[in-house]
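*Asks:* below: sequence and its predicted model.
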Amino acid sequence: MQDTSLWFPYAQMKHLEVNYEVETGDGPYIQFTNGMRLLDATCSWWCMIHGYRHPELTQALKDQADKVAHVMLGGLKNAPAVALAKKLVEITPKGLNHVFYSDSGSVGMEVAMKMAVQFWQNQGCTDKYKMASLTKAYHGDTTGCMSVCDPTEGMHSLFSGLLPKHHFAPAPTACFDASAEAVAQDIAQLRQLFEQHHHEIAGFLVEPLLQAAGGLNMYSPIYLQEARKLCDEFEILLIFDEVATGFGRTGKLFAAEHANVCPDIMVLSKGLTGGYIGHAATLANDKVFNGFWSDDKQKAFMHGPTFMGNPIACAVALKSIEIFERENYLGKIEALNQVLKHELLGFEHPAVKDTRVLGATAVIEVHNAESLQGVQQFAVEQGVWLRPFGRFLYTMPPYIITEAELTKITQVMKAWFTR
Ligand SMILES: *Cc1c(COP(=O)(O)O)cnc(C)c1O
């Protein structure tokens, strides 16, 4: 009998065999108790951007734990939380001047949705309480987040009795370097949705340029520019979910920069703390913040998770950003991007539908999920940890990986098809 005390995510426990136990992490490698060592192609759901066991991050965590590990943000401030808020305002697109913390990407998105709804309530627009989202979207696993994930690929049908109903436009189809004409059709569909339902839409949620867990769909920055204009025209708050794209994943510090667009609300998590500890930041511009600024206590933003502004998380996040800037991570990401493009773009095989690369993200999309059956075990035997989902075999490596190590990952991805 297997031990079932530990319940694993997204897995049928009856058929799950987890044989490998992680002992330590080391840069881009995971070291197992049985002596095996694997190159991690996914940096633990894309968050360990500095790799594992970075000495400076570990030290920052220890130093802060020696002072105070946690203290409530209710009525009290702590130096790392204050300094990180200042830093995030400084490095995010100009205009996002206010930072609300929470403990995970999903909760950061819940905060964004509540913020958008209460913003309109506070202005007396009581009809605006729904969201607009996109097919292929993924915004998290909590109830509110599930309701704005892709309505067919996500968990809508399973939990439909529980979930509120929102509005969806089709996922953008025009690729990253598409022409404005090619993007026009995508935008026409968004306009149509807004025209029909703007009176009840509080916010439009979008993963800028890279719809990640919903299928690694990469699309044009022009779409974001046009979406910004439409949101202004129809009085809808524009909300960027940069939980996956933030901190370099698309080749700029934030995906918004490719489009030179500033959203009204932006959510960061995953890479925020270099993966060391769960935390999220929901940033708002002055327009949103001022919507809560009042002598009326009822207009205060009604949210406050226990661990928001946790000093350890904030201290590690500050150190992570310092290293990112000091060590020219954007330069490293550009070099990784060249490797990914060279290795994967144009890779052909009858099972392969498409290959896409953006920043430090690359995917081989197959026609049929069955053709990825067994790839994980195959990769483990070659010394690489891959975790495909659905029809997507992808890598989002830590930025400290060497070009040779990344090439090993892409070779294993290709070798699966040509074996
Ligand atoms: C991972 C992810 C989330 C959810 O974050 P959690 O920390 O897992 O709750 C939300 N949005 C996007 C785009 C993500 O990739």
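*Replies:* Everything's here; your move.

*Asks:* the ligand contacts on the stretch 101-250 of the chain?
*Replies:* With C-beta under 6 Å from any ligand atom as the criterion, the stretch 101-250 of the chain meets the ligand at residues 104-106, 109, 138-140, 207, 212-213, 241, 243-244. To be clear about C-beta, it is placed using only N, CA and C from the backbone, and glycine gets the same treatment.

*Asks:* ok, so of those, who is nearest Y10?
*Replies:* A213 (10.7 Å; C-beta to C-beta).

*Asks:* contacting residues around the closest residue to the ligand within the stretch 1-150 of the chain?
*Replies:* Going by C-beta to the nearest ligand atom, the ligand is nearest to G105 of the stretch 1-150 of the chain, at 2.2 Å. Contact analysis of G105 by C-beta atoms under 8 Å, 6 or more residues apart in numbering lists 140, 243, 267, 269-270, 280.

*Asks:* what about N285, how many residues nearby?
*Replies:* 20 (other C-beta atoms under 10 Å).

*Asks:* residues from the stretch 251-400 of the chain in reach of the ligand?
*Replies:* Counting by C-beta under 6 Å from any ligand atom, the stretch 251-400 of the chain comes close to the ligand at 269-270.

*Asks:* if we can go back for a sec, in strands, which of the contacts of G105 fall?
*Replies:* The strands, defined by DSSP state E, take in 267, 280 from the contacts of G105.

*Asks:* now the contacts of G105 as JSON lines including neighbour count and distance to N368?
*Replies:* Output for the contacts of G105, formatted as JSON lines (neighbours: other C-beta atoms under 10 Å; distance: C-beta to C-beta, whole Å):
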{"residue": "G140", "neighbour count": "23", "distance to N368": "28"}
{"residue": "V243", "neighbour count": "28", "distance to N368": "29"}
{"residue": "V267", "neighbour count": "32", "distance to N368": "34"}
{"residue": "S269", "neighbour count": "27", "distance to N368": "32"}
{"residue": "K270", "neighbour count": "29", "distance to N368": "29"}
{"residue": "A280", "neighbour count": "28", "distance to N368": "35"}
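
*Asks:* export the contacts of G105 as TSV, with columns for distance to W7 and pLDDT.
*Replies:* Listed next are the contacts of G105 as TSV, based on distance: C-beta to C-beta, whole Å; pLDDT from 0 to 100:
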residue	distance to W7	pLDDT
G140	19	97
V243	24	98
V267	27	99
S269	23	98
K270	23	98
A280	24	98
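
*Asks:* quick one: which of the contacts of G105 is nearest to W385?
*Replies:* Minimum distance to W385 across those is 17.5 Å, recorded for K270 (C-beta to C-beta).
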